[in-house]
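J.: Quick one: sequence and predicted model below, then my questions.
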Amino acid sequence: MALAQGVKKQVIFKRQASKGTLATTSAAQILRRESGSFELKKETYTTESEITSTQQLLSNRHGVKQVDGKVTGIFSPGTYSDLLGAILRKDFTAVTPVSAVSITVAGSGPTYTLTRAAGSYLTDGFRVGQVIRLSVGTLNAANINKNLVVVSLSALVATVMPVNGVALFAEGPVTGCTITAPGKVSFIPSSAHTNIYYTFEEWYPDVPTSERNQDVKIGTADLSLPGTGNAKVDFSAVGLQQTNLATQYFVSPTAETTTPALVAASGVLLVSGTPQAVVTDLKITINGNEKPADGVVGSDIRPDIFRGKVMVSGSFTAYFDSTTLADAFRNETAVSLISVLSTNATANADFVTIALGVVDTNTSSPDDGETGLKRSYSFVAEMNTVTSAGWEATTIQIQDSQAT
């Protein structure tokens, strides 16, 4: 008798067309993971409170069920964009490149300005917190195809910072330039929210058996961005039904992604537009507040999974080098936060950006000891309604250079 082995198990997923309709068997995706499990749970009812002359329990029954899922992984571009888009309730979408633009590059670092002669960055869909690149035209080689995170934005002027410390060359105006935002972008929208259900399969080829989970929704995403080590992401999920099969449900699924891991040491962290070199740990939680419905008479399957508002919260720890961050808590002053994670230190490395326009710190906790002193801060994020400053009207915006 063969025993199931984790290295042979596959976690496979695909979107459903709607609740109650299994995803079709083709073109599913195998998910990279550190771990992944989907547990069928049932309510149980006993007659423990009943008194009988036998002085024994006479009945134990199963009731309504649900599936609780958890996937943990090392964060990498393109790997988790579909799941993140589902929890943000907006699919990742490309920003249309803009061509034939006249650009003047000015500044001496760490920030530079990219001034357009005409048109509008805002109308073209560019936003603060996105990474953009310049190409085409007769640009100096130092300005071509470099990851530039947008720090502030108006119709004609983008203030940018090279992600991995490379320098730009002041020049211009240079005509015929193209501006791109690599990959795709998602954020919590103000309307037209998606409502995505998945079919998830756990395939054990050495047994062999399949556990197929239907009507699964992504509940939370926990992003862990340490100062040392790999960035990680943990997802929780909830579903309505699990079925055991003797054969694999998804036929010839697409292989796992192979993009390199993201590390916080390669990239940039900005608080209110200022680079930070003292933050040692950053955690962000996106909570979609997906809750299974109550059981109904006549069925052991719950009728649906209901949702609340999307909440974003987190924490970070930083060396205590000034009162700037502590004063933000003390004075109830909102800050912005932009984190760019890249796969390596090259100028055009793959990346993921996370931008929070309005962050409220709720605690400021000092430590003490014979080492560099740190403070830990917890925060919640609000929807940013001041879009005139170049921010998206949202709580959180994510850009993934390999999102599909």
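T.: Looks like it came in fine.
J.: residues near Asp310, how many?
T.: In this structure residue 310 is Val, not Asp. 19 (other C-beta atoms under 10 Å). Just so you know, the C-beta spots here come from the backbone N, C-alpha and C atoms, and that holds for glycine as well.
J.: So it sits against Thr395, correct?
T.: Yes. In terms of C-beta atoms under 8 Å, Val310 counts as a neighbour of Thr395; the distance is 6.9 Å.
J.: Identify the contacts common to the two.
T.: Ile188 (C-beta atoms under 8 Å, 6 or more residues apart in numbering).
J.: Strands along the stretch 301-404 of the chain, start to end?
T.: Using DSSP state E, counting those that start in this stretch, the strands of the stretch 301-404 of the chain run over 305-307, 311-319, 335-342, 351-366, 374-382, 397-400.
J.: Okay, buried residues for the fourth one please.
T.: Looking back up the chat, that one is strand 351-366. Buried residues in strand 351-366, defined by neighbour count with 16 or more other C-beta atoms under 10 Å: 351-361, 364.
J.: go on, the first one?
T.: Taking 16+ other C-beta under 10 Å as the basis for neighbour counts, the residues of strand 305-307 that come out buried are Ile305.
J.: Report the distance from it to the chain centre.
T.: In terms of C-alpha atoms, centre = their mean, to the nearest Å, the centre of strand 305-307 is found 20 Å from the chain centre.
J.: repeat for the second one
T.: Strand 311-319 has its C-alpha centroid displaced from the chain centroid by 15 Å (C-alpha atoms, centre = their mean).
J.: So in this structure, where's the weakest helix or strand by average pLDDT?
T.: Least confident helix or strand, the chain: strand 263-271 with a mean of 81, by mean pLDDT, DSSP states H and E.
J.: Can you name the element that comes right after that strand?
T.: strand 274-275 (DSSP states H and E).
J.: Who are the packing partners of that following strand?
T.: If you count contacts as 3 or more C-beta pairs under 8 Å, 6 or more residues apart in numbering; DSSP states H and E, strand 274-275 packs onto no helix or strand.
J.: which residue is nearest the middle of the chain?
T.: Residue closest to the mean C-alpha point of the chain, counted by C-alpha atoms, centre = their mean, is Leu84 at 4.7 Å.
J.: Check for me that that residue belongs to a helix.
T.: Yes. Under DSSP: H, G, I helix; E, B strand; the rest coil, Leu84 falls within a helix.
J.: Going by residue numbers, what spans are strands in the stretch 1-150 of the chain?
T.: Going by DSSP E, counting those that start in this stretch, the stretch 1-150 of the chain shows strands at 10-15, 29-30, 35-46, 60-74, 93-106, 112-116, 131-135, 148-153.
J.: what does the third one contact?
T.: Residues outside strand 35-46 that contact it (C-beta under 8 Å, 6+ apart) are 11, 57, 59-72, 200, 202, 211, 213, 216, 237, 239, 242, 295, 300.
J.: If the residue lying closest to Ser266 once chain neighbours are set aside is in a bridge, with which residues?
T.: Setting aside the residues directly before and after it, Ser266 is nearest to Ser342 in space (C-beta to C-beta, 6 or more residues apart in numbering), at 4.4 Å. Applying DSSP bridges to Ser342 yields these beta-bridge partners: Val263, Phe351.
J.: Pull out the buried residues from the contacts of strand 35-46.
T.: 11, 64-72, 200, 202, 211, 213, 216, 237, 239, 242, 295.
J.: Can you give me the buried ones in stretch 159-178?
T.: Of the residues in stretch 159-178, 159-164, 166, 168, 172, 174, 177-178 count as buried by neighbour count, 16+ other C-beta under 10 Å.
J.: Identify, from the residues you listed, the entry nearest to Leu114.
T.: Val160 (6.0 Å; C-beta to C-beta).
J.: doesn't Leu134 make contact with that closest one?
T.: No. In this structure Val160 lies outside contact range of Leu134 using C-beta under 8 Å: 9.4 Å.
J.: Which neighbours do those two have in common?
T.: Common contacts of Val160 and Leu134, defined by C-beta under 8 Å, 6+ apart, comprise 114, 148.
J.: picking that back up, looking at the strands of the stretch 1-150 of the chain, which is nearest to Arg330?
T.: strand 148-153 (25.2 Å).
J.: could I get the buried residues of stretch 159-178 as TSV with distance to Ser102 and secondary structure?
T.: What follows is the buried residues of stretch 159-178, written out as TSV (distance: C-beta to C-beta, whole Å; DSSP: H, G, I helix; E, B strand; the rest coil):
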residue	distance to Ser102	secondary structure
Thr159	18	strand
Val160	17	strand
Met161	22	strand
Pro162	21	strand
Val163	24	coil
Asn164	27	coil
Val166	23	coil
Leu168	17	coil
Gly172	8	strand
Val174	7	strand
Cys177	7	strand
Thr178	12	strand
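J.: between the residues you listed, which is closest to Phe126?
T.: Val160 (10.4 Å).
J.: got the contact list for the closest one?
T.: Contacts for Val160 (C-beta under 8 Å, 6+ apart) come out as 111-114, 132, 148-151.
J.: what's the answer for Gly183, then?
T.: 77, 92, 94, 399-403.
J.: measure it to Tyr204 for me?
T.: Separation of Gly183 from Tyr204 (C-beta to C-beta, to the nearest Å): 34 Å.
J.: Ok, Phe306 next?
T.: 32 Å.
J.: likewise Gln397?
T.: Distance, Gln397 to Tyr204, by C-beta to C-beta: 38 Å.
J.: of those two, who's got more company?
T.: Set Gln397 next to Tyr204 and count neighbours by other C-beta under 10 Å: Gln397 wins out with 25 against 18.
J.: Check what pLDDT the residue lying farthest from the centre of the chain gets.
T.: Largest separation from the mean C-alpha position in the chain: Ser53, at 58.4 Å (C-alpha atoms, centre = their mean). Listed pLDDT for Ser53 reads 95.
J.: Same check on Ser401?
T.: 98.
J.: Leaving out sequence neighbours, find the closest residue to it.
T.: Going by C-beta to C-beta, 6+ apart, Ser401 has Gly183 as its nearest residue, at 3.8 Å.
J.: Now the one you found: which helix or strand?
T.: strand 171-187.
J.: got the angle between that strand and strand 112-116?
T.: On the basis of axes from the mean of the first three to the mean of the last three C-alpha atoms, to 10 degrees, strand 171-187 is oriented at 100 degrees to strand 112-116.
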